[in-house]
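Student: turn this into a model:
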Amino acid sequence: MRLLDLNADLGEGMGNDAALFEIVTSASIACGGHAGDAQTMRSALRAARVAGVRAGAHPGFNDPGHFGRRRLAQPSEQVAAEVVRQIGALSVIAVEEDVPLAYFKLHGALANMAAEDEGLATTVFSAVTQRYPHLAALVLENSAQHYAAERLGLEAIAEAYADRAYLPNGLLVPRTMEGAVIHDEATVEARGRRLAERGEIVAIDGSVIQSAAISICLHGDTPGAVALARRVRVELERIGALKGKQFTAH
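Tutor: Numbering: from 1, shown residues only. So this is what the prediction gives:
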C-alpha cells in the first residue's frame, strides 16, 4: 500500500476553492499567469493556512485568455523568467500571510511542453532553483520534467492524475482528444485506489503503466471537481492510503 498526497490546482477562479480546501492535502495556487491575481493568491494562501493544507506555486504561460492551455512558441529563457516572476509574486504574499511554500508545479500547456522537452524543463527548473532552492518540483512522473528535476538535484515529487487519461508512453492525452478528461466518479475513485494499492495507471488503450507517484491530482476546473475529490479522499482514507501534511520524494 502506498500513501498518497491529494492535490488540486486552486486559486483559478472556479468558485469551488472553499470546498476543495476541506478535501485536499496540497494546493497548487495560480500565480497570476494563466489565472489569479494578488487578491486570489492572498485568499488561497489564507485558506491553506486555516485548513492546514500544504501550499505550492502553480505558474504557467501568461495567457489568461486561453487559461494557459495554448502552446506558445517563446524562448526558454523568457519562459523561465516568467515562471520565476510568477512564483515571486506568490512568494511575497506567502511571506506576508506566514504560509510557507513547499513546491512549484507547472500548469497547462507549459507543463505538457516541459514534460516532452527536457531542455525546456531544465532551463525553467534551473532558474527556479537558483532563486528558490527550497522548493520541490511537483512533476509528471517519468516525463522530461521528472528527469530534468532529478538531474538538477531538485526534490522531485512524482505526480499522477486521477481525472486525466494517459497515453501508453505515460504522457497525458491531449485535451483536444475525446476522453482526455475523466468525469465519472467511480472511475476516478478506482484510479486513485489502483495507484495506492498496486502502483498502476491504466492508459487510454487499456495498457497498464507502472507508477511510483506519491501525489495524485484532481483539477479544480474539472466539472464536478468537488464531488470527484471528495470521493477519492474518502476512498484513500478507507484503505488507509491518504498521506498526512508532510511528504518527501522518497
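Student: for stretch 9-17, the distance to its chain's centre please.
Tutor: The gap between where stretch 9-17 is centred and where its chain is centred comes out at 13 Å by Cα atoms, centre = their mean, to the nearest Å.
Student: pLDDT on it, on average?
Tutor: For stretch 9-17, the mean pLDDT works out to 93.
Student: equivalent analysis for stretch 42-59, please.
Tutor: 97.
Student: please name the nearest non-neighbouring residue to residue 71.
Tutor: residue 109 (4.6 Å; Cβ to Cβ, 6 or more residues apart in numbering). The C-beta positions use only the backbone N, C-alpha and C, and glycine is treated the same way.
Student: check which residues of the host helix or strand of the one you found are buried.
Tutor: Using DSSP states H and E, the secondary-structure element containing residue 109 is helix 108-116. By neighbour count with 16 or more other Cβ atoms under 10 Å, helix 108-116 contains the buried residues 108-115.
Student: got CSV for those residues, with distance to residue 58 too?
Tutor: Formatted as CSV, those follow (distance: Cβ to Cβ, whole Å):
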residue, distance to residue 58
108, 9
109, 13
110, 10
111, 9
112, 14
113, 16
114, 13
115, 15
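Student: out of those, who's nearest residue 52?
Tutor: The closest of the buried residues of helix 108-116 to residue 52 turns out to be residue 111 (Cβ to Cβ; 26.3 Å).
Student: the helix or strand hosting residue 128: how far from the chain's middle?
Tutor: Under the criterion of DSSP H and E, residue 128 resides in helix 118-131. Distance, stretch centre to chain centre, for helix 118-131: 17 Å (Cα atoms, centre = their mean).
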